[in-house]
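S.K.: fold the following.
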Amino acid sequence: MKGFAELLDGLAFQPARNGKLRLLEDYFAATPDPDRGYALAALTGNLSLRTAKPKLIRALVDERVDPVLFGWSYDFVGDLAETVALIWPVGETPAGAVPAAAAPTTLGTVVETLNDAGRSEVPGLTRRWLDQMDATQRWALLKLITGGLRVGVSAGLAKTALATFGGVKAAEIEEVWHGISPPYGALFSWLEGHGARPDVSGTAVFRSPMLANPVTDAELATLDAGNYRAEWKWDGIRVQLVALADGQRRVFSRSGDDISPAFPDIVEAMTFSGVLDGELVVMDDDQIAPFDRLQPRLGRRQVSPAMLRDRPAHVRLYDILFDGEEDLRPLPFDARRARLEAWFARAARPRLDLSPLIGFTGWEALADLRGQARQAGIEGLMLKRADSAYVSGRPKGPWFKWKRDPLLIDAVLMYAQRGHGKRSSFYSDYTFGCWRRDRGDDVLVPVGKAYFGFTDDELATLDRWVRNNTINRFGPVREVTPGVVLEVAFDSVHESTRHKSGLAMRFPRISRIRWDKPVDEADRVETLAQLMRV
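M.R.: Numbers count the residues shown, from 1 in each chain. Next up, the predicted model:
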């Protein structure tokens, strides 16, 4: 565990992307199998240790530490794994036992032992490991077994480091990723030149998607409109439909997660052989329904007949990557579009349709159409070069997204919670509210939560303000006196039975801190509700 602990510790305190990549590459080079494979699985979210949960960790620490002391410590530190790692009182080595320093526990040992252990054995194993390890290793162990690493490394970044380590393209990693499993021995053998590329033929695998860059008005003015094609950016989630001739069918999210179990109606409709790129939405009377109709189906492993009936899934197609086994990605966009239209016309395509191309004479005319996007319930526009091949990642120039302008409200900071990772010492997660009349008085009711959109200096200032203006505590959450107005940007607002205000925002973020504005001039819930119709 020492090497894995040092890796996580280094990643947590390394803010730079390139620095994180170097740490990962060095770890893959210096660490033997299977430890590096299990580390990769943990970093990419593909390691499941279902027998060890946060509740178990709390029970173990309650055996040795005064609950009140632990509660205050947890509130101060803000991270369960870090608190337990620091406060854990190491027991004496029993007579006849091998001293911890002479019996290091490897990452592979921990993972494989937990996977083989029965539920009743896990507390004893975890207790013994915590006794054997130093504080950093205890922290890494607890992060591992609770599944919340939070060291600023996404699955994509880990795969990028893996590709650089092996001298291959990131797209090559993606194209074998869903055909392999931890601890990835064959993958590392290939990357080090000791074996062949893992054979995933006959497996429905995900291909890394092509992504667009945001475009500014100034940047748009430098582009030749005649070189681009335009289409709507629909309000759903980007998906990839992979169907093989042998009947294998998978629906992948943009990040490569297999979401097929949540959308059996789409899987059933995939009676073709090929790979398609599109937007997953819910249809309502031949119209795309608002995103909140789709959201309850996301992340489910099983859906009820009522949900299938009331929230019917549909995919609006953008592109075709494979027609049967023929790879169309090297073709220019116009040629792929023609192939997509020909493919679509060959047979009935239930639950699928084509995202239409938008005719336009110039950027000014297209800007007028973009201005109508919100009223039509559309996110904005996509601009794609007519000659662009389909390449993975986010290349600069071929594709742009021109989203509709965000909505804005002024809300009052109500609650603050500590962040995670490098923010675990700061109150960085903010719940904010708007005014509403209740029994003759104006009261604040929560309308959303955000944890980004501000600078490090602004975070430090807000953290000090929260500490100095706390009026109540609820575990790691502090209630503050109404005193700070936050300008909040968000994409849309919908009705919600989960929130006291009856409303929920989509993609809220802090736009700016309105130190200049009195809290009684912040917006009202009624104002926010009116934005549902905007």
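S.K.: going forward, measure contacts and count neighbours with C-alpha atoms only.
M.R.: Will do.
S.K.: number of nearby residues for Ile259?
M.R.: Neighbours of Ile259 under the rule other C-alpha atoms under 10 Å: 18.
S.K.: I meant to write Gly440 there.
M.R.: 7.
S.K.: and what of Gly179?
M.R.: 16.
S.K.: who's in contact with the closest residue to it other than its chain neighbours?
M.R.: Using C-alpha to C-alpha, 6 or more residues apart in numbering and skipping the chain neighbours, the partner closest in space to Gly179 is Val200 (5.2 Å). Residues near Val200 by C-alpha atoms under 8 Å, 6 or more residues apart in numbering: 176, 179-180.
S.K.: go again with 10 Å.
M.R.: The neighbours of Val200, taking C-alpha atoms under 10 Å, 6 or more residues apart in numbering as the test, are 175-180.
S.K.: roughly how far out does stretch 265-281 sit from the chain middle?
M.R.: 22 Å (C-alpha atoms, centre = their mean, to the nearest Å).
S.K.: ok, back up a step: which of the contacts of Val200 fall in helices?
M.R.: Mapping these onto helices (DSSP state H) picks out 175-177.
S.K.: now do the strands in the stretch 401-534 of the chain.
M.R.: 407-418, 427-438, 441-450, 470-474, 477-480, 485-490, 492-495, 503-506, 509-514 (DSSP state E, counting those that start in this stretch).
S.K.: just the CA atoms of the last one, as PDB, please.
M.R.: As requested, C-alpha coordinates have been extracted for strand 509-514 and formatted as PDB (Å, rounded to 0.1, in the frame of the first residue of the first chain):
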ATOM      1  CA  ARG A 509     -22.700  27.900 -10.700                       C
ATOM      2  CA  ILE A 510     -21.500  31.000  -8.900                       C
ATOM      3  CA  SER A 511     -21.300  33.900 -11.500                       C
ATOM      4  CA  ARG A 512     -20.000  36.500  -9.000                       C
ATOM      5  CA  ILE A 513     -20.200  37.500  -5.400                       C
ATOM      6  CA  ARG A 514     -22.400  40.600  -4.900                       C
END
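S.K.: what's stretch 333-350 in contact with?
M.R.: Residues contacting stretch 333-350 (C-alpha under 10 Å, 6+ apart): 228-229, 265-266, 268-272, 276, 314-315, 317-323, 328-331, 352-354, 357, 384-390, 398.
S.K.: buried residues of it, list them for me.
M.R.: Within stretch 333-350, the residues that count as buried by 16 or more other C-alpha atoms under 10 Å are 333-337, 339-340.
S.K.: same question for stretch 219-236.
M.R.: Residues 225, 228-236 are the ones in stretch 219-236 that count as buried (16+ other C-alpha under 10 Å).
S.K.: residue ranges in the stretch 1-150 of the chain under the pLDDT threshold?
M.R.: 50-52, 91-104 (pLDDT under 70).
S.K.: need the strands for it, in chain order.
M.R.: Under DSSP E, counting those that start in this stretch, the stretch 1-150 of the chain gives no strands.
S.K.: show me where it has its helices.
M.R.: 2-12, 17-30, 35-43, 54-64, 67-77, 80-87, 107-116, 122-132, 135-146 (DSSP state H, counting those that start in this stretch).
S.K.: make CSV out of the strands of the stretch 401-534 of the chain and add mean pLDDT, mean neighbour count and distance to Gly195.
M.R.: As requested, those are exported to CSV (pLDDT from 0 to 100; neighbours: other C-alpha atoms under 10 Å; distance: least, C-alpha to C-alpha, whole Å):
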stretch, mean pLDDT, mean neighbour count, distance to Gly195
strand 407-418, 94, 24, 46
strand 427-438, 92, 21, 47
strand 441-450, 92, 18, 47
strand 470-474, 90, 13, 55
strand 477-480, 92, 20, 52
strand 485-490, 95, 22, 49
strand 492-495, 86, 20, 50
strand 503-506, 88, 19, 47
strand 509-514, 94, 18, 47
